[in-house]
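Q: no sequence on this one, just coordinates:
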């Protein structure tokens, strides 16, 4: 549990000289970075720069695609994700993920939240009830849906559905929460709510977020990594990246000269 | 100053330039299709319902040459006939019943020969167990209490009571014959089997056989006693030409005063006929009585087929879509499955006969029922094999629909499930399948619609003209998957083309066709209802 850890480890996730190929084309080139515990780390960069690929490698979601291969390694708290003995399912239980387009299941709100417990074979009513309440409260959704937990998740608004997906991702109490442009499909008000939520969640979880929104990165991340053409160009404290970028490309990107 | 260029008017082309005629063509195509479908439904609806409507009986004096004939009957058809000299004759076809007197029930009469036509109120339409309906005048009732002539007080009461008692007694006799005598003979067969297998010694077998034989004689005489007592009552009538017809109570089903009855009486008679049609067994080579066994057989066979095809088709589709590596081989398999839907259904019938009936059924017989051989138990056409054959026939429909439903489930939802730590199978089982359930049900609905209307393969694997007993009844073990069954589709064919009196069967053909449509639509509506409820539950409308 993150709460029991004394101090945030600076290299909770270590990406070590990591390269990634989709078939013949290389998407990531020798990425090397350390992501600290219980902080929000933003990955920014123009479309196709590899930030989503990097994120999706942190819970091995890219395994689903045919013809991919990688070099290097990603370590989670010292343990290699790509070790042959690692069971992908147990890994994904420790790394939650929230997607760009909110994607609740065709089930009730309740069943959406407890999904990860159900697939893990845990079905004690008391535990499920507690999980639903805790997760929905953590996702700032409890007050809005507590009276209709057993109604379809599709009845919620877009912002609510995305918060439900966050509640679902944290129901199993993962150590890391990966977010792939979580606000891309939402209006500004819903975005604001999610951003506040991210800040709050970073007290408990290590968050890696991919975003196209510079302001979002400055508002809610502690550290920012700028990727360009599959390479990590610059990585540091968010304040420093946005105020005194040391690379001309970074500056060009954050000031909006290309996107 | 140069003259202003002439302003070019907007091009005013005919419709043809813009491709408008195609709109008309497509609309016309649809309209023709709709009209044809409506006309078909309307024809079947009108003819089907009309066959239940009680018509009035005409009493006609027909003069042919010097002979004057009195004919009573209702008009079934009017037509024009051109004779050898080119003279046009207006003819009517009359159903005059009384097949026992006249040999056939229908007669064509030239309108020119009709000297007089009336509708006397005393003509009765009598339904009976054999020879089709009779058209007569009442003469008298003979009961154990004595003879009551028509018109005397108490005649109608006696007639109605006799009809009621006849119905009750027929049920009682049927119960004795079918159930008790049936059980008796099953027990006899059982003893034979046991003796042959050496499970009981010959003396015990002989003793029990004698006991059963005694029981059998007792039951038979019991039925005979009921019959004799019932037949003490008789309905005496005469045909319009004065010949006497005697109806023993046993044969009497219903008497309807066709000309006296008012609108309400007619409506009541119509509903009675519809009720009879829906709930009773067929009589007289299927041309009279009801079609209940055929309704039952159709419904049970269709449900059993859905029960077989659904899991099989869904499992196939899951492997094809979710697990198989999408390559050349899977493409070939998919094309083959699609083409399977185009194979003529009779081919499936032949396959079902060769594989299910002879190979599988024969195998079951050799393994489990070898003591009954050479009499086959499962190695003969039956409802189980018919359902399996149709399941195979409709399999492509279910596979294709399921595959489409599975592929319509968004990738994001699958990824979300995997990201929650679900295995691939858990993802399919808990997320993908529920989300594609409405689409799968659409496939099942299509399969049911196809399967319920199929006749050709069934003729090879289990449908019969007349099944002595239903595939599900109150005799242990209650479900009899090896039994042959009746089917509405086959019943239509049988009535229309195999019946001894095609003319008499015509109304039944339309009525049965209407019923088949109603049964198929009802089955589909039930499935659609289930699908809509599922859809509403999840409010995900991607199908």
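A: Everything's here; your move. Being a predicted model, the structure only gives us computed values, none of them experimental. Residues are numbered from 1 along each chain as shown, chains lettered A, B, ... in the order given.

Q: tell me which parts of chain A are close to chain B?
A: A:59, A:61, A:64, A:89-90, A:92-93, A:95-97, A:99, A:101, A:103-107, A:115-116, A:118-120, A:152, A:154-155, A:165, A:168-169, A:171-172 (CB under 8 Å from any CB of the partner chain). (Each C-beta comes from the backbone N, C-alpha and C, glycine too.)

Q: mark which of those are buried, thanks.
A: A:59, A:61, A:89, A:92-93, A:95-97, A:99, A:101, A:103-107, A:115-116, A:118-120, A:152, A:165, A:168-169, A:171-172 (16 or more other CB atoms under 10 Å in any protein chain shown).

Q: helix, strand or coil for the closest residue to residue B:502 other than its chain neighbours?
A: Nearest non-adjacent residue to residue B:502, counting by CB to CB, 6 or more residues apart in numbering or on different chains: residue B:496, 7.0 Å away. Of the three states, residue B:496 takes helix according to DSSP: H, G, I helix; E, B strand; the rest coil.

Q: correct me, but residue B:496 touches residue B:503?
A: No - assessed by CB atoms under 8 Å, residue B:496 is found out of contact with residue B:503, at 11.0 Å.

Q: what are the phi and psi values for the residue nearest to residue B:150 when sequence neighbours are not counted?
A: Among residues not flanking residue B:150 along the chain, residue B:138 sits closest, at 3.9 Å (CB to CB, 6+ apart). Torsion angles at residue B:138 (phi, psi; degrees, to the nearest 10) stand at phi -70, psi 140.

Q: try residue A:99
A: Here is the backbone geometry of residue A:99 (degrees, to the nearest 10): phi -100, psi 170.

Q: next: the one 5 residues further on.
A: Dihedral pair for residue A:104: phi -70, psi 160, per degrees, to the nearest 10.

Q: check the gap between it and residue A:71 for me.
A: Residue A:104 is 36 Å from residue A:71, where distance means CB to CB, to the nearest Å.

Q: where does the prediction get shaky in chain A?
A: Low-confidence segments of chain A (pLDDT under 70): A:1-6, A:257-259.

Q: give me the element the residue nearest to the spatial centre of it is part of.
A: Centroid-nearest residue in chain A, with CA atoms, centre = their mean: residue A:178, separated by 1.3 Å. Using DSSP states H and E, the element containing residue A:178 is strand A:176-180.

Q: can you spell out which helices and strands pack onto that strand?
A: helix A:51-57, strand A:95-98, helix A:158-170, strand A:206-210 (3 or more CB pairs under 8 Å, 6 or more residues apart in numbering or on different chains; DSSP states H and E).

Q: now the last one and strand A:176-180, what's the angle there?
A: To tie it back to what came earlier, the one meant is strand A:206-210. Put simply, strand A:206-210 runs at 10 degrees to strand A:176-180, going by axes from the mean of the first three to the mean of the last three CA atoms, to 10 degrees.

Q: list the buried ones in the next helix-or-strand element following strand A:206-210?
A: For strand A:206-210, the following helix or strand on the C-terminal side (DSSP H and E) is helix A:214-220. Buried residues in helix A:214-220, defined by neighbour count with 16+ other CB under 10 Å: A:214, A:216-220.

Q: sorry, back to before: in CSV, list the helices and strands packed on strand A:176-180 along with distance to residue B:115.
A: Shown next, in CSV, are the helices and strands packed on strand A:176-180 (distance: least, CB to CB, whole Å):
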stretch, distance to residue B:115
helix A:51-57, 97
strand A:95-98, 95
helix A:158-170, 86
strand A:206-210, 100
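
Q: go through the ones you listed and name the closest to residue B:432.
A: helix A:158-170 (16.5 Å; CB to CB).

Q: which strands or helices does that closest one pack on?
A: strand A:95-98, helix A:109-113, helix A:125-138, helix A:142-145, strand A:176-180, helix A:188-201, helix B:411-419.

Q: can you redo those as a markdown table with distance to residue A:77?
A: Output for the helices and strands packed on helix A:158-170, formatted as a markdown table (distance: least, CB to CB, whole Å):
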| stretch | distance to residue A:77 |
| --- | --- |
| strand A:95-98 | 11 |
| helix A:109-113 | 26 |
| helix A:125-138 | 22 |
| helix A:142-145 | 30 |
| strand A:176-180 | 9 |
| helix A:188-201 | 19 |
| helix B:411-419 | 19 |
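
Q: thinking residue B:454 is in contact with residue B:389, fair?
A: No - the criterion here is CB under 8 Å, and residue B:454 misses it with residue B:389 at 9.1 Å.

Q: which one of those two has more residues nearby?
A: For residue B:454 and residue B:389, the more surrounded residue by other CB atoms under 10 Å in any protein chain shown is residue B:389, and the numbers stand at 30 against 23.

Q: for residue B:293, which non-adjacent residue is spatially closest?
A: Closest to residue B:293 by CB to CB, 6+ apart is residue B:486, at 4.5 Å.

Q: ok, and the closest non-adjacent residue to residue A:50?
A: Nearest to residue A:50 is residue A:230, by CB to CB, 6+ apart, at 4.3 Å.

Q: number of nearby residues for the one you found?
A: Residues near residue A:230, counting by other CB under 10 Å: 21.

Q: check contacts around it.
A: A:26-29, A:49-50 (CB atoms under 8 Å, 6 or more residues apart in numbering or on different chains).

Q: can you give me the domain boundaries for chain B?
A: B:51-142+B:235-262, B:145-231, B:292-538 (automatic domain parsing).

Q: and those domains: which comes nearest residue A:243?
A: Of all the domains of chain B, domain B:292-538 comes closest under CB to CB, at 34.6 Å.

Q: name the helix or strand for the residue in the stretch 1-150 of chain B that chain A sits nearest to, please.
A: Nearest to chain A in the stretch 1-150 of chain B, going by CB to the nearest CB, is residue B:30, at a distance of 34.2 Å. Assessed by DSSP H and E, residue B:30 sits inside helix B:20-50.

Q: go through that helix and flag the buried ones.
A: Neighbour count says helix B:20-50 has B:44-45, B:47-48 buried, by 16+ other CB under 10 Å.

Q: which SSE is immediately downstream of that helix?
A: strand B:58-64.

Q: what residues sit buried inside that next one?
A: For strand B:58-64, by 16+ other CB under 10 Å, it's B:58-60, B:62.

Q: excluding covalently adjacent residues, which one is nearest to residue B:373?
A: residue B:365 (6.2 Å).

Q: check contacts around the one you found.
A: Neighbours of residue B:365 in contact, by CB under 8 Å, 6+ apart: B:372-373, B:376-379.

Q: what comes up buried for stretch A:235-251?
A: Buried residues in stretch A:235-251 (16+ other CB under 10 Å): A:235-236, A:238, A:241-242, A:245, A:249-251.
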